[in-house]
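In: Here is the input, now give the coordinates:
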Amino acid sequence: QVQLVESGGGLVQPGGSLRLSCAASGRTFSSYAMGWFRQAPGKEREFVAAISRTGISTYYADSVKGRFTISRDNAKNTMYLQMNSLKAEDTAVYYCAADRAPASTVVTGAPPAYWGQGTQVTVSS
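Out: Here you go, the predicted model:
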């Protein structure tokens with residue numbers, strides 16, 4: 001089992017940047033594929049990005065490709081989401097998630113088993 005805590009959200013102007021972090025408990029962080037999801041008001045939760053256990057493979061939603069970068073540091077039990085060129089439509093609660101399934105399954109399969117509590121990202125002038 002793994003517990004996840006997000007941080008780094010906040011208010012940023014359009015075109016700005018933020019870096020989200022997801023800290024995981026336990027000694028088996030490297031056993032989990034990790035992902036970021038988001039949910040905007042009145043909308044369904046959607047996939048943002050995923051990363052494999054080793055960090056070699058990454059996956060992105062088309063809406064964030066080229067602007068967001070997912071990474072992880074297994075020595076620090078932490079995953080990151082660097083968000084650049086932010087747009088108003090990126091406003092949402094961002095959740096990190098973990099699963100023992102491959103990262104490709106995090107993208108297209110059943111919802112991951114473990115979730116953080118979420119961090120608000122607001123893009124507004």
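
In: what bridges to the residue most central in space within the chain?
Out: Ranked by distance to the mean C-alpha position of the chain (C-alpha atoms, centre = their mean), the top residue is Trp36 at 2.2 Å. Judged by DSSP bridges, the bridge partners of Trp36 are Ala49, Cys96.

In: Please tell me I have it right and it contacts Val93.
Out: No. Taking contacts as C-beta atoms under 8 Å, Trp36 lies outside contact range of Val93: 11.2 Å. All C-beta spots, glycine's among them, are computed from the backbone N, C-alpha and C.

In: Return the residues in contact with the closest residue to Thr28 other than its chain neighbours.
Out: By the measure of C-beta to C-beta, 6 or more residues apart in numbering, the closest residue to Thr28 outside its immediate chain neighbours is Val2, 7.0 Å from it. The contact partners of Val2, by C-beta atoms under 8 Å, 6 or more residues apart in numbering, come to 24-26, 28-29, 32, 98, 114.
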